[in-house]
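Chemist: have a look at this prediction, sequence included:
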Amino acid sequence: MKIAFIGLGNMGGGMAANLVAAGHEVRAFDLSEGALAAAREKGSATFGSAAEACEGVDAVVSMLPNGGIVKAVYEGSVFGNAPAGAVLIDCSTIDVATAREVAALADGEGYAMVDAPVSGGIAAAEAGTLTFMVGGSEEGFARAEPILHAMGKAVIHAGDAGNGQAAKICNNMLLGIHMIGTAEAFAMAQKLGLDPQTFYDISSVSSGQCWSMTSYCPVPRVGPKTPADNDYQGGFATALMLKDLKLAMEAAGTAGMAPRIGAKAAELYEAFDAAGNGTRDFSAIITDY
Ligand code: NAD
């Protein structure tokens with residue numbers, strides 16, 4: 001297939017390379033010349049604008065920073081330049097309302113569009129092991145699925161437009177809550193005189209067990225290798241966790257819901273980010289105790 005790929009940053013760079021590896025012809029665009037040069041090295045053809053990249057394609061995939069940019073790129077460059085039959089796939093993490101608005105605009109222009117945000121970070125984007133949660137029609141999902149499988153290990157239909165984003169922010173709100181809870185439990189165990197490894201050995205096979213403990217332990221040298229073993233570098237940045245928690249609070253507001261623990265997690269990550277920890281892995285919040 002001919003696929004336009006817009007947004008070749010930390011995530012998009014690896015994802016576009018996996019589409020090339022799967023035999024697709026990738027037509028790439030990014031505002032950054034460095035990102036374009038890296039994409040060329042990994043086998044994509046690069047173009048001077050998103051509009052040019054969209055010419056003659058079967059699909060458009062985007063991986064962009066936020067909803068405002070996604071809306072501007074689709075309205076200004078994709079609609080009218082991508083052929084009428086192209087399927088549009090936005091993999092960025094953006095607010096639910098904008099995802100639904102852009103999908104409705106695409107529908108009005110005659111395109112099938114899905115939101116397909118991901119779980120998994122830069123390493124999973126490079127390895128092609130992302131999980132995609134997809135919102136859109138059955139037809140849009142069926143057309144996007146084989147393309148997404150070239151970049152991920154799991155592709156799940158979450159329902160109508162915007163439901164992929166809803167799944168993503170609910171999942172990441174839970175992740176933020178779990179990580180703070182895990183950090184708090186380890187910090188308290190230590191203050192009560194327990195060795196962290198001993199607490200891990202007990203809790204990881206008891207009812208407090210969770211992914212933040214057994215797959216992403218915030219304590220160095222405990223559990224599998226994680227960013228904690230690398231001075232909290234790499235992994236999932238605090239600033240990105242904060243972005244997702246803010247999106248979750250925004251979506252909750254529009255749904256008339258007031259998450260209590262989610263709001264507290266957003267408040268704690270906001271303070272941790274403001275204290276200069278935005279680029280550290282989100283598990284570094286344990287160093288706050
Ligand atoms: P990034 O900043 O590294 O990449 C974004 C890219 O978009 C940049 O290269 C930028 O130049 C480009 N861009 C911005 N505006 C553009 C425009 N108008 N036209 C073309 N290109 C434009 O960010 P990232 O880490 O790759 O994240 C991308 C998306 O994936 C975000 O929505 C983020 O929340 C989500 N995400 C990131 C991670 C992660 O671990 N980094 C994990 C899951 C989801």
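Modeler: Yep, it's here.

Chemist: look up phi and psi at the closest residue to the ligand within the stretch 101-250 of the chain.
Modeler: Nearest residue of the stretch 101-250 of the chain to the ligand: Gly121, at 3.5 Å (C-beta to the nearest ligand atom). Yep, even glycine has a C-beta here, placed from its N, CA and C like the rest. Dihedral angles of Gly121 (phi, psi; degrees, to the nearest 10) stand at phi -100, psi -150.

Chemist: how about the one residue in the stretch 1-150 of the chain that gets nearest to the ligand: what's its closest non-neighbour residue?
Modeler: When scored by C-beta to the nearest ligand atom, the stretch 1-150 of the chain has Gly9 as its residue closest to the ligand, at 1.8 Å. Counting by C-beta to C-beta, 6 or more residues apart in numbering, Ala35 is the residue found nearest to Gly9 once chain neighbours are left out, at 6.1 Å.

Chemist: and the helix or strand encompassing Ala4, how far from the chain's centre?
Modeler: Here Ala4 sits within strand 2-6, counting by DSSP states H and E. Relative to its parent chain, strand 2-6 has a centroid offset of 19 Å by C-alpha atoms, centre = their mean, to the nearest Å.

Chemist: any bit of it sitting next to the ligand?
Modeler: Yes - judged by C-beta under 6 Å from any ligand atom, strand 2-6 comes into contact with the ligand at Ile6.

Chemist: output the contacting helices and strands for that strand.
Modeler: Packing contacts for strand 2-6, counted by 3 or more C-beta pairs under 8 Å, 6 or more residues apart in numbering; DSSP states H and E, involve helix 10-21, strand 25-29, helix 50-53, strand 59-62.

Chemist: could you dump these into CSV with mean pLDDT, mean neighbour count and distance to Glu184 added?
Modeler: Written out in CSV, the entries for the helices and strands packed on strand 2-6 read as follows (pLDDT from 0 to 100; neighbours: other C-beta atoms under 10 Å; distance: least, C-beta to C-beta, whole Å):
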stretch, mean pLDDT, mean neighbour count, distance to Glu184
helix 10-21, 97, 22, 29
strand 25-29, 98, 24, 43
helix 50-53, 98, 21, 44
strand 59-62, 98, 25, 37
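
Chemist: which of these sits closest to Gly128?
Modeler: With respect to Gly128, and counting by C-beta to C-beta, the nearest of the helices and strands packed on strand 2-6 is helix 10-21 at 4.3 Å.

Chemist: specify the angle between the closest one and strand 25-29 in degrees.
Modeler: 160 degrees (axes from the mean of the first three to the mean of the last three C-alpha atoms, to 10 degrees).

Chemist: and the pLDDT for the residue nearest to the spatial centre of the chain?
Modeler: In the chain, the residue lying closest to the centroid (C-alpha atoms, centre = their mean) is Val118, at 4.2 Å. According to the predicted model, the pLDDT of Val118 comes to 97.

Chemist: mind checking pLDDT for the nearest residue in space to it that is not next to it in sequence?
Modeler: Closest residue to Val118 in three dimensions, ignoring its sequence neighbours and counting by C-beta to C-beta, 6+ apart: Leu130, at 4.4 Å. Reading off the confidence values, Leu130 has pLDDT 97.

Chemist: please give the element, helix or strand, for the residue nearest to Gly9.
Modeler: If you go by DSSP H and E, Ala35 is part of helix 33-41.

Chemist: so which elements touch that helix?
Modeler: The contact analysis (3+ C-beta pairs under 8 Å, 6+ apart) places helix 33-41 against helix 10-21, strand 25-29, strand 45-46.

Chemist: hang on, Ala185 in a helix?
Modeler: Yes - secondary structure of Ala185 (DSSP: H, G, I helix; E, B strand; the rest coil): part of a helix.
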